[in-house]
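Q: Predicted coordinates and the sequence they were generated for:
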Amino acid sequence: MIFQELALRMFLVYSIQSILLGIFVFFVVIILRRNRSLLSFLLSSYFGLCAVGFFLDAIATGYRVTPLSLTFYIAAVYAIYLSLGFLVFFTLILVYMGAWKYGLLYICVYAVLSLVLNLMPNGMQYSASTNWIPVWSIEFFVWGVIFFSFFVVAPECLLFFKMYKTSQHTIVKKKIGMVLTGITIQLASIYLIGIYNAFLENAVFHGVWSVLTFILCPLSGLMIYLGIRKEISK
């Protein structure tokens with residue numbers, strides 16, 4: 001069982017996550033080549049930090065020496081958490097172009113609180129004692145769900161409701177729906193990643209998730225990009 005979990009993690013990191021890293025870096029290059037506006041930088045920060053998270057996770061997997069392995073893994077999780085803050089920042093500016101000061105305040109508070117959460121004592125374990133398989137404590141998982149729901153999911157839902165309500169054109173609403181679908185997939189993926197790491201005994205879920213993550217992550221990124229590519233060109 002332990003060997004299977006370790007083999008599955010190696011497969012996820014060095015095959016699927018490596019491909020996802022390449023896809024997300026590709027999105028960053030495309031976005032910044034298209035235009036270097038504030039929206040472009042915010043959206044590319046989301047994709048770029050996700051890519052950094054995948055890269056650091058690969059280092060943690062290959063360099064399994066405590067405490068550096070745990071440090072790299074915590075940094076990887078933090079980068080992915082931080083990327084979602086930039087996603088909210090991006091949506092805020094997309095809805096309220098003059099609200100960049102509030103967005104900057106939000107991302108600063110979010111970054112600090114996210115760091116505090118990720119440095120929770122015994123929140124994440126990754127060492128020889130866990131057979132080099134990341135293990136999230138139930139306390140970290142619960143606080144992560146609360147934090148993520150309050151600071152990411154709730155603001156995103158409110159902002160998109162506002163955007164959809166004020167849009168008059170059918171085409172615009174379809175694009176908003178596309179972006180919302182992509183973001184919903186990404187947010188749901190974060191909850192599933194938490195379940196994946198907090199409940200290691202569920203082998204069936206782990207097998208299914210290893211396949212779904214390869215499909216859902218790039219799909220969510222593509223839908224977000226296609227939905228707003230004209231906006232970031234302005």
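A: Structure received. Numbers count the residues shown, from 1 in each chain.
Q: dump the residue contacts of the residue most central in space within the chain.
A: Centrality entry for the chain: nearest residue to the mean C-alpha point is residue 80, 4.4 Å, by Cα atoms, centre = their mean. Going by Cβ atoms under 8 Å, 6 or more residues apart in numbering, residue 80 touches 49, 50, 53, 190. To be clear about C-beta, it is placed using only N, CA and C from the backbone, and glycine gets the same treatment.
Q: what about the last one, which helix or strand?
A: It refers to residue 190. If you go by DSSP states H and E, residue 190 is part of helix 170-198.
Q: and that helix, what other elements does it pack with?
A: Using 3 or more Cβ pairs under 8 Å, 6 or more residues apart in numbering; DSSP states H and E as the contact test, the elements touching helix 170-198 are helix 68-95, strand 135-136, helix 138-148, helix 154-166, helix 203-228.
Q: how close does residue 123 sit to residue 110?
A: Here residue 123 is placed at a distance of 18 Å from residue 110 (Cβ to Cβ, to the nearest Å).
Q: And those two? Which one has more around it.
A: Set side by side, residue 123 and residue 110 show more neighbours around residue 110, with 21 against 18, by other Cβ atoms under 10 Å.
Q: wait, isn't the more buried one in contact with residue 85?
A: Yes - Residue 110 is in contact with residue 85 according to Cβ atoms under 8 Å; the separation is 4.1 Å.
Q: Please enumerate the shared neighbours of the two.
A: Contacts common to residue 110 and residue 85, judged by Cβ under 8 Å, 6+ apart, are residue 151.
Q: tell me how far stretch 21-33 is from the chain's mean position?
A: In terms of Cα atoms, centre = their mean, to the nearest Å, the centre of stretch 21-33 is found 15 Å from the chain centre.
Q: Can you tell me what sits against that stretch?
A: 40-41, 43-44, 47-48, 50-51, 54-55, 58, 217-218, 221, 225, 232.
Q: Now for those residues, which sits with the most neighbours around it?
A: Neighbours here mean other Cβ under 10 Å. Within these, the largest count is held by residue 43, at 29 neighbours.
Q: Which element, helix or strand, includes that one?
A: For residue 43, the host element (DSSP H and E) is helix 38-62.
Q: list the helices and strands that helix packs on?
A: Counting by 3+ Cβ pairs under 8 Å, 6+ apart, the packing neighbours recorded for helix 38-62 are helix 17-34, helix 68-95, helix 203-228.
Q: So which of those is the most surrounded?
A: helix 68-95 (a mean of 21; mean count of other Cβ atoms under 10 Å).
Q: after that helix, next one along is what?
A: Later in the chain than helix 68-95, the nearest helix or strand by DSSP H and E is helix 100-118.
Q: Please compute how far that following helix lies from its chain's middle.
A: Offset of helix 100-118 from its chain centre (Cα atoms, centre = their mean): 15 Å.
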